[in-house]
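> Quick one, what's the 3D model for this:
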Amino acid sequence: MRLINGYWATGVLAAACEHRLFTHLAAGAADADALAAAARISQRGAQALLDALVALGLVELEGGRYVNGPAAATYLVEDSPVSLAAFARLKLKHMGALADLPQVVRAGGPVTDAVVEVADNPHWRELVLAIAPQSVPAARVAARVLDLAGAGPQEILDVGGGSGVYAATWLQANPAAHATQLDWAPINAIARSLMDERGLSDRFTTIDGDFHTTDFGTGVYDVALYSHIAHQEGPGSNIEVFTRLRQALRPGGALVVCDYIVDDDRSGPAFPLVFASEMLLKSRLHQD
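Here you go, the predicted model:
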């Protein structure tokens, strides 16, 4: 029953984010009346969301007052660099597509046009901005592992960089670094906006193009990033791109791959195993 009704959780979480309930809780609204007033929603609606959020473990009751639990306080309060509130709202819009999954499983891929593979699809701006916060913790970890702060001048290539959040995090860690992002033109425009906001534009360059066909150069970069690209490519395509990235790196350079990776025996982890169905709905594997 919990799994059959699992969509309830998505709906409740998205509705709570739509009305900024976690942000209002953080600001001190601690009961249904206060939340209803702050969010301009009905008292009954506020209470229903609070009850459900308690059940989901996102909100806690302390002496009759509602407060954000640790996960909600970290990831669902808005205006935080790691806030997933926008992503929660976006996923509610995606729920209807699951009705196509039986047909998609039969066909082995999307049964309608795979619009996520079209550069000028307006959905990209919302998606790219919504998923950017997910990359912040990983980008910070990678910067420490690579010791970017103490590496001196570095040339970085971000393949399919999206919002540019990886490059921004790394440029902030290393004031002597320069980053180049290769992506579709509409996506690069989003990344340049982020760099403008953070005062990093003078150390950031974009290349408009498709990484399947664009030349990466030879011996140009110290670090290359391939984040959340591998899962939409077939093995042959990944090997071909990795080969070109190896050529693009200077001696001693590093290739950073971030993705949802399943165990060799396909027994886990749980998230990437389920995520494969998401990709089945939305994209066709590039095999060559």
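
> which residues does the closest residue to Gly64 other than its chain neighbours contact?
Counting by C-beta to C-beta, 6 or more residues apart in numbering, Gly64 lies nearest to Asp31, which is 7.6 Å off, once chain neighbours are set aside. Bear in mind the C-beta positions are built from the backbone N, C-alpha and C, glycine included. Asp31 sits next to Gly64, Arg65, Tyr66 when contact means C-beta atoms under 8 Å, 6 or more residues apart in numbering.

> Is the second one in contact with Ala30, as I believe?
Yes: A contact is recorded between Arg65 and Ala30 when judged using C-beta atoms under 8 Å, the distance being 4.0 Å.

> Who has more neighbours out of the two?
Ala30 (17 against 13; other C-beta atoms under 10 Å).

> list the contacts for the more buried one?
Contacts of Ala30 (C-beta under 8 Å, 6+ apart): Arg65, Tyr66, Val67.

> Could you do Ala143 as well?
Ala149, Thr169, Trp170, Ala173, Asn174.

> how about a markdown table for the residues you listed, with distance to Ala15 added?
Shown next, in a markdown table, are the contacts of Ala143 (distance: C-beta to C-beta, whole Å):
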| residue | distance to Ala15 |
| --- | --- |
| Ala149 | 41 |
| Thr169 | 31 |
| Trp170 | 36 |
| Ala173 | 37 |
| Asn174 | 41 |
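
> just to revisit the earlier point, and the least confident of the contacts of Asp31?
Among these, Gly64 carries the weakest pLDDT, at 93.

> For burial, what's the neighbour tally of that residue?
Counted with other C-beta under 10 Å, Gly64 comes out at 7.

> Also Phe204?
Counted with other C-beta under 10 Å, the neighbours of Phe204 add up to 25.

> how close does it get to Gln172?
11 Å (C-beta to C-beta, to the nearest Å).

> Have a look at the protein and report its longest strand.
strand 249-258 (DSSP state E).
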